[in-house]
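Engineer: Next comes the sequence, and after it the predicted model I'd like to discuss.
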Amino acid sequence: QTVVTQEPSFSVSPGGTVTLTCGFSSASVSTTHCPSWYQQTPGQAPRTLIYNTNIRTSGVPDRFSGSILGNKAALTITGAQADDESDYYCVLYMGVGIWVFGGGTKLSVL
Amino acid sequence: EVQLLESGGGLVQPGGSLRLSCVTSGFNFGFSFSNYAMSWVRQAPGKGLEWVATIRADSGSTYYADSVKGRFTISRDNSKNTLYLQMSSLRAEDTAVFYCVKEIGGYIGSPFDYWGQGTLVTVSS
């Protein structure tokens, strides 16, 4: 069973920059895995931020960016704001219609 | 804007069945529900997201997570702009909020974009 790993938690200062990652324990993430990123606040549905590695969905501020860094997918938030405090999930496409979510990163802005 | 409205959740006993529905609306620019692949994603209480199933735009192909294969069936009625998830042999570990998710394209492997607000399924005696 494929496991997708994310940092369980991360903190960033207001105005700071943070990079969250999404990867496999013993393989590399590439663009063929179509990495996507989602933001979820408590009690709310997830919101799509980034898909296909680095494409922002409509309405997502450009301080959110996606990339491949080394052997992982990455979500970078530049100029973090208080309302960025959320859970962030990535998902990777494994082929044959199968998607696997990471365990999520709880981001604190403080 | 595209809207997804799930229904059908509730309390069910272990071994029981339930059918979830997701009515969609708000498609424009000449596109409709029938142009997009659709998925179900669930989230157990206090846990992360788990992909459950996907159906292609034309209903030609369906895909399931191993955890639900053989017990859940995803289907759609393009004439009603509605997605379904038939769940049977339900277990306590199926307790979760189930989200209906629209994909960006009609093909399998198309990324998720719009999410519904979710419907809670509780499996308990």
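Structural biologist: Here it is on my side, so go on.
Engineer: how close does the residue lying farthest from the centre of chain A sit to chain B?
Structural biologist: Largest separation from the mean C-alpha position in chain A: A:V96, at 22.3 Å (CA atoms, centre = their mean). Counting by CB to the nearest CB, to the nearest Å, the gap from A:V96 to chain B is 7 Å. The way it works is simple: take the backbone N, C-alpha and C, and place the C-beta from them, glycine included.
Engineer: Return the residues of chain A in contact with chain B.
Structural biologist: Within chain A, the residues that sit near chain B (CB under 8 Å from any CB of the partner chain) are A:1, A:34, A:36, A:38, A:40, A:45-48, A:51-52, A:57, A:89, A:91, A:93, A:95-104.
Engineer: Give me the buried entries from the residues you listed.
Structural biologist: Neighbour-count burial (16 or more other CB atoms under 10 Å in any protein chain shown) applied to the residues of chain A next to chain B gives A:34, A:36, A:38, A:40, A:45-48, A:51, A:57, A:89, A:91, A:93, A:97-104.
Engineer: Let's see which of those residues end up in strands.
Structural biologist: Those of those mapping onto strands are A:36, A:38, A:40, A:47-48, A:51, A:89, A:91, A:93, A:98-101, per DSSP state E.
Engineer: residue of chain B with the smallest distance to chain A?
Structural biologist: B:Y63 (3.0 Å; CB to the nearest CB).
Engineer: okay, the nearest residue to that residue once chain neighbours are set aside: pLDDT?
Structural biologist: Nearest residue to B:Y63 in three dimensions, chain neighbours excluded: A:G97, at 3.0 Å (CB to CB, 6 or more residues apart in numbering or on different chains). At A:G97, the model reports a pLDDT of 92.
Engineer: same question, B:D58
Structural biologist: Predicted confidence (pLDDT) for B:D58: 85.
Engineer: isn't it right next to B:G106, touching?
Structural biologist: Yes. B:D58 lies in contact with B:G106 (CB atoms under 8 Å); the separation is 7.3 Å.
Engineer: Leaving out chain neighbours, which residue sits closest to the spatially most central residue of chain B?
Structural biologist: Chain B has B:W40 as the residue nearest its centroid, 2.8 Å off, counting by CA atoms, centre = their mean. Among residues not flanking B:W40 along the chain, B:V52 sits closest, at 4.2 Å (CB to CB, 6+ apart).
Engineer: any idea how far the one you found is from B:S32?
Structural biologist: 24 Å (CB to CB, to the nearest Å).
Engineer: for B:A92, same thing?
Structural biologist: 38 Å.
Engineer: And the residue of chain A closest to chain B?
Structural biologist: Closest point on chain A to chain B, by CB to the nearest CB, is A:G97, at 3.0 Å.
Engineer: Now do the contacts for that residue.
Structural biologist: A:G97 makes contacts with B:T54, B:S61, B:T62, B:Y63, B:I108, B:G109, as judged by CB atoms under 8 Å, 6 or more residues apart in numbering or on different chains.
Engineer: again, only using 7 Å
Structural biologist: B:T54, B:S61, B:Y63, B:I108, B:G109 (CB atoms under 7 Å, 6 or more residues apart in numbering or on different chains).
Engineer: how about the helices of chain B, start to end?
Structural biologist: Taking DSSP state H, chain B contains no helices at all.
Engineer: Quick check: residues of it near chain A?
Structural biologist: B:48-51, B:54, B:61, B:63, B:99, B:104, B:108-109, B:111-113, B:115-118 (CB under 7 Å from any CB of the partner chain).
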